[in-house]
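**Student:** show me the folded form of this:
(2 chains)
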Amino acid sequence: MSVKLQRLRRNLTEILGMRARNLALVGGEVTLEVAAADYFEIAQTLRDHPDLRFEQLMDLCGVDYVSYGTTDRVAAGRSPRFAVVSHLLSLTHNWRLRVRVFAPDDDFPVVASVTPVWNGANWFEREAFDLFGILFEGHDDLRRILTDYGFVGHPFRKDFPLSGYVEMSYDAEQRRVVYQPVTIEPREVTPRIIREENYGRG
Amino acid sequence: MAEIKNYTVNFGPQHPATHGVLRLVLELDGEVVVRADPHIGLLHRATEKLMEHRTWVQSLPYMDRLDYTSMFINEHPFCLAVERLLGIEVPIRGQYVRVMFDEITRIFHHLFNLGTHALDVGAMAMVLYTFREREDICDILEAVSGARMHGGYYRPGGVYRDLPDSMPQYSVNRFKNEKTVKALNQARAGSLLDFIEDFTDRFPGYLDEYETLLTGNRIWKQRLVGVGAVSPERALQLGFSGPMLRGSGVAWDLRKKQPYLVYDRLDFDIPVGVNGDCYDRYLVRMEEMRQSNRIIRQCIDWLRKNPGPVMTDNLKVAPPQREKMKANMEELIHHFKLFSEGIHVPPGEVYAAIEHAKGEFGVYMISDGANKPYRVKLRSGAFQNLAAMDEMARGHMIADVVTIIGTMDIVFGEVDR
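**Tutor:** Residues are numbered from 1 along each chain as shown, chains lettered A, B, ... in the order given. Coordinates of the predicted model:
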């Protein structure tokens, strides 16, 4: 397996050259990092080049890296903050690849849409837009998908509280469902802990 | 003559044929679907966000609640992902137990799919028969995990405990007389493995019954043949996997192509369709159940002959034995740390995928070294199948939409997450 993945890594280096910003082979998985400007072109190459042939996009998701590696949820401020990570599969060569692209602007994260390359990306990109507020340029139907009609905010961002901002209840007087601010107290049963390296090894 | 315009129909979310809470906005030209726009998310529980706030093991039971028709197999990719990050090995017996329960839940899931699919299309009796068999499987799951549905049985590092030596028995009460109880307890005299073997003996006969009812049935064929056909090229473009992809004639199964655990030691075949329509996908699922039955029988044989541990002995991951924990300081500390703080997973990222009953079920996990995941993304087959609704339903009659929903095999716990 590992010989095969090294061949994949070599192919990627040869074909993409300097456009591959970072190429890592860790734990039996190849990760390719590209710049937002090259993203769409590289996606096409990955699908069409006979030595790569990634026919299928298995998964695409947004990631918010703002508090990576810290126990502080919000204040950490890592930048660039938003990334789009996709997992590709080649049936011809039977290998997988992870592609990561960071959105350059934290306040207005935009990356290109790969829906024209892999049509299956459509709903994945809608989901990443809904949950993280990442915009996909070239996507022709970028609507919210999982959250409620008229939902405000992007719930999977790290600064969005787990309990949310509003809750729904039925108002007997008005005889309709109304929104009101949440009444739940945020509670963390087990605190988030990151141990230093070699902790407990004496 | 008055001009006839397209009109829009709202389908669901409380319609029984939507398999849960799917809202479909259908644009119709007469009875022909021009555009189908699924509105999902009515069951969105933010599972992935909840996991960021729970420890690794606390997150595990959420996996059961995704696709609530195939519970144990959902837990599998989550455990695989954590194991790959931790770099631990599952004992060989634990691997066999997992594979056996993966296949049992695959049958469990396909039975549910078959029953409700046939119910939607109009074969009302099917659901009664398939739920009869599901009852037996519920008993198997209950015997091993204590819960009939949401087991929480797999753990990073193995499975929670070994298979029980005895099955619970029925007793005489005012609803069941001695004769009934005796008949019910007949298969339960031995261990759990005996009970499962009894089930695998009976199951091919049940499958033949279903085939008699459906496979050659004229109405069933009229409703399914040629409906929702997808070419292999489109199936790949749309990101299909599992029976949806194999129904279109692409021989791709992760159990064969990228074998995990002990699948490379087991003997089974992969059924493939020809036309890519609903009928082919139905046939693929029927054959998959027969193959699962074969795999289960091989696992039973192996498990009978080879006792051993089912859980890793790494105390950073698995709880220590109760006796040792009471007697030794070292084990006591491990126990305390494990249950108060949880597992610490080294920083990194991993994508673990398995061949789920619906297709590829992937878990993408990012860890930053904490006792909780930094981000988890669950890739479910049903979400991707439903995304193709518009393309598959276009040009078909409104009644075919119900058939297509059935063949897509959607369960909303998994689509909405």
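
**Student:** count of residues packed around B:Arg98?
**Tutor:** Residues within reach of B:Arg98, counting by other C-beta atoms under 10 Å in any protein chain shown, total 27. Quick note: C-beta positions are derived from backbone N, CA and C, even for glycine.

**Student:** that one reaches B:Tyr260, doesn't it?
**Tutor:** No: using C-beta atoms under 8 Å, B:Arg98 is not in contact with B:Tyr260; the gap is 9.6 Å.

**Student:** helix or strand for A:Leu88, which one?
**Tutor:** For A:Leu88, the element it lies in under DSSP states H and E is strand A:82-90.

**Student:** does chain B have contacts with that strand?
**Tutor:** Yes: Strand A:82-90 lies within reach of chain B by C-beta under 8 Å from any C-beta of the partner chain, at A:Val85, A:His87.

**Student:** contact partners of that strand?
**Tutor:** Contacts with strand A:82-90, where a contact means C-beta atoms under 8 Å, 6 or more residues apart in numbering or on different chains, come from A:46, A:52-65, A:95-103, A:106, A:109, A:111, A:114, A:121, A:124, A:128, A:132, A:134, B:351, B:362, B:364, B:377, B:379.

**Student:** strands - which of those land there?
**Tutor:** Here DSSP state E is the test, and those give A:56-64, A:95-102, A:111, B:351, B:362, B:364, B:377, B:379 as lying in strands.

**Student:** give me the beta-bridge partners of the residue nearest in space to the middle of chain A?
**Tutor:** Centroid-nearest residue in chain A: A:Gly62, 1.9 Å away (criterion: C-alpha atoms, centre = their mean). Note on A:Gly62: beta-bridge partners by DSSP bridges are A:Val84.

**Student:** so what's it up against?
**Tutor:** Going by C-beta under 8 Å, 6+ apart, A:Gly62 touches A:Phe82, A:Ala83, A:Val84, A:Val85, A:Glu127, A:Ala128, A:Leu131, A:Phe132, A:Ile134, A:Phe156.

**Student:** mind putting these into TSV with neighbour count and pLDDT?
**Tutor:** Output for the contacts of A:Gly62, formatted as TSV (neighbours: other C-beta atoms under 10 Å in any protein chain shown; pLDDT from 0 to 100):
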residue	neighbour count	pLDDT
A:Phe82	25	90
A:Ala83	22	91
A:Val84	26	92
A:Val85	22	92
A:Glu127	24	91
A:Ala128	29	92
A:Leu131	24	91
A:Phe132	24	91
A:Ile134	23	92
A:Phe156	23	90
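
**Student:** quick check: the farthest pair among those residues?
**Tutor:** Using C-beta to C-beta, the pair of the contacts of A:Gly62 lying farthest apart is A:Ala83 and A:Glu127, separated by 14.8 Å.

**Student:** just the CA atoms of the host helix or strand of B:Ser59, as CSV, please.
**Tutor:** Using DSSP H and E, B:Ser59 sits within helix B:56-64. The C-alpha trace of helix B:56-64 is given here as CSV (Å, rounded to 0.1, in the frame of the first residue of the first chain):
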residue,chain,number,x,y,z
TRP,B,56,-14.1,10.4,22.2
VAL,B,57,-16.0,7.5,23.8
GLN,B,58,-19.0,9.8,24.8
SER,B,59,-19.4,10.6,21.1
LEU,B,60,-19.7,7.0,20.1
PRO,B,61,-23.4,6.5,20.9
TYR,B,62,-24.3,9.3,18.6
MET,B,63,-23.2,7.1,15.8
ASP,B,64,-26.0,4.6,16.5
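
**Student:** let me know whether that helix sits next to chain A.
**Tutor:** Yes: Helix B:56-64 comes into contact with chain A (C-beta under 8 Å from any C-beta), by way of B:Gln58.

**Student:** return the set of buried residues in that helix.
**Tutor:** B:Trp56, B:Val57, B:Gln58, B:Ser59, B:Leu60, B:Tyr62, B:Met63, B:Asp64 (16 or more other C-beta atoms under 10 Å in any protein chain shown).

**Student:** what's the answer for stretch B:181-196, then?
**Tutor:** Quick answer for stretch B:181-196 (16+ other C-beta under 10 Å): B:Ala187, B:Arg188, B:Ser191, B:Leu192, B:Leu193, B:Asp194, B:Phe195, B:Ile196.

**Student:** could you do stretch B:292-302 as well?
**Tutor:** B:Ser292, B:Asn293, B:Arg294, B:Ile295, B:Ile296, B:Arg297, B:Gln298, B:Cys299, B:Ile300, B:Trp302.

**Student:** now do the same contact list for the nearest residue to the fourth one once chain neighbours are set aside.
**Tutor:** Translated: B:Ile295. Distances taken as C-beta to C-beta, 6 or more residues apart in numbering or on different chains place B:Glu103 nearest to B:Ile295, at 4.7 Å, with adjacent residues excluded. The contact partners of B:Glu103, taken as C-beta under 8 Å, 6+ apart, are B:Ser292, B:Asn293, B:Ile295, B:Ile296, B:Cys299.
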